[in-house]
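J.: sequence-free structure coming up:
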C-alpha cells in the first residue's frame with residue numbers, strides 16, 4: 001500500500017503504516033481489527049473506520065499474508081461523539097472547562113512534568129449574590145459570561161481555566177519566574193465594569209514549590225489563601241504560605257469532583 005500513490009493521497013503514509021501495523025499485530029485466532037482514522041475524500045477530511053480480517057498462511061509458524069475488509073464513513077457519528085465529549089467537559093453557560101475535566105488535565109500535567117513550576121489560583125466575584133438579588137439572575141449570568149471571556153483572554157494558550165461552580169473559577173499556570181507579574185496581569189484584567197456594574201474579584205494562589213504536586217493539597221491551599229483575602233476585605237490576591245494552614249475554606253460547598 002505504501003507504493004500506491006492514490007491510496008497515499010487519501011490516507012497519508014503515517015495512517016497507512018498504522019493500519020498495516022494493526023493488521024500485522026493480529027493472530028490466526030484473533031484476525032479481525034477495527035481502525036479509525038481521517039481520510040481525504042471528495043476534497044475534505046473525513047473520519048472513516050476500517051474493519052478488516054487478516055489472512056494467515058497454513059504454514060508453521062503461520063504468516064500474515066494480507067487482509068480483506070471495508071472502509072465505512074463514520075464522520076457524522078464521530079462529530080456527534082466529539083460534540084458530546086465537549087459538552088461533558090465544558091460548562092454550559094461560560095464555555096470554560098468544568099471542574100471535573102480541569103482536575104483531570106491538571107493531574108496529568110503534574111504527573112508528567114515533575115521538573116516544572118506550577119501555580120493554581122481560585123477566585124470568585126466579590127459579593128456576587130447581591131448581583132442576582134438586585135439585578136436578577138439573567139443579569140448575573142451576563143456578568144459571569146463577560147467575566148469568563150475576560151479571564152480566557154487574559155491567560156496564555158497552555159494555561160487551564162475552568163468554572164468550578166457558581167461565580168468561582170480556577171486557573172492553572174506553568175511559570176518559570178515572575179509569577180506575581182503574571183497573576184497581577186490576570187487579576188487586573190478582571191477588575192472592570194459591565195453595563196455600569198463594577199466587577200471586583202478575590203483570588204488565592206498556591207505554588208507547587210511551596211505545597212507540592214498533589215492536586216487536592218494544591219487546591220486546598222489556594223482555597224485557604226482565598227479565604228484569607230476575604231477576611232482581609234476582598235478585592236485583592238494573596239499567595240498561600242504556612243501562616244494560612246489553619247484557615248477555613250472559602251469554597252467549601254465545592255467537592256473535589258464538582
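T.: Everything's here; your move. Since we're looking at a predicted model, the values are computed, not measured. Numbering: from 1, shown residues only.

J.: For the protein, just list every one of the strands.
T.: Applying DSSP state E to the chain gives strands spanning 32-41, 44-56, 64-73, 97-98, 117-125, 160-165, 168-175, 192-194, 197-199, 201-207, 237-239.

J.: Make CSV from the ones you listed and add mean neighbour count to it.
T.: (Each C-beta comes from the backbone N, C-alpha and C, glycine too.) As requested, these are arranged in CSV below (neighbours: other C-beta atoms under 10 Å):
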stretch, mean neighbour count
strand 32-41, 15
strand 44-56, 16
strand 64-73, 13
strand 97-98, 20
strand 117-125, 23
strand 160-165, 22
strand 168-175, 22
strand 192-194, 13
strand 197-199, 13
strand 201-207, 25
strand 237-239, 20
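
J.: Those strands: which one's closest to residue 135?
T.: strand 197-199 (7.3 Å; C-beta to C-beta).

J.: Residue ranges in the stretch 151-258 of the chain under the pLDDT threshold?
T.: 249-258 (pLDDT under 70).

J.: circling back: between the strands of the chain, which gets nearest to residue 26?
T.: strand 44-56 (4.1 Å).

J.: Any chance of JSON lines for the strands of the chain, columns distance to residue 247?
T.: Below are these laid out as JSON lines (distance: least, C-beta to C-beta, whole Å):
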{"stretch": "strand 32-41", "distance to residue 247": "49"}
{"stretch": "strand 44-56", "distance to residue 247": "50"}
{"stretch": "strand 64-73", "distance to residue 247": "57"}
{"stretch": "strand 97-98", "distance to residue 247": "26"}
{"stretch": "strand 117-125", "distance to residue 247": "13"}
{"stretch": "strand 160-165", "distance to residue 247": "18"}
{"stretch": "strand 168-175", "distance to residue 247": "17"}
{"stretch": "strand 192-194", "distance to residue 247": "28"}
{"stretch": "strand 197-199", "distance to residue 247": "25"}
{"stretch": "strand 201-207", "distance to residue 247": "9"}
{"stretch": "strand 237-239", "distance to residue 247": "11"}
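
J.: Those strands: which one's closest to residue 215?
T.: strand 117-125 (8.2 Å).

J.: ok, the residue nearest to residue 68 when sequence neighbours are not counted - contacts?
T.: Nearest non-adjacent residue to residue 68, counting by C-beta to C-beta, 6 or more residues apart in numbering: residue 53, 5.8 Å away. By C-beta atoms under 8 Å, 6 or more residues apart in numbering, residue 53 lies in contact with 31, 32, 67, 68, 69.

J.: Can you read off the pLDDT for the second one?
T.: It refers to residue 32. You'll see residue 32 listed with a pLDDT of 95.
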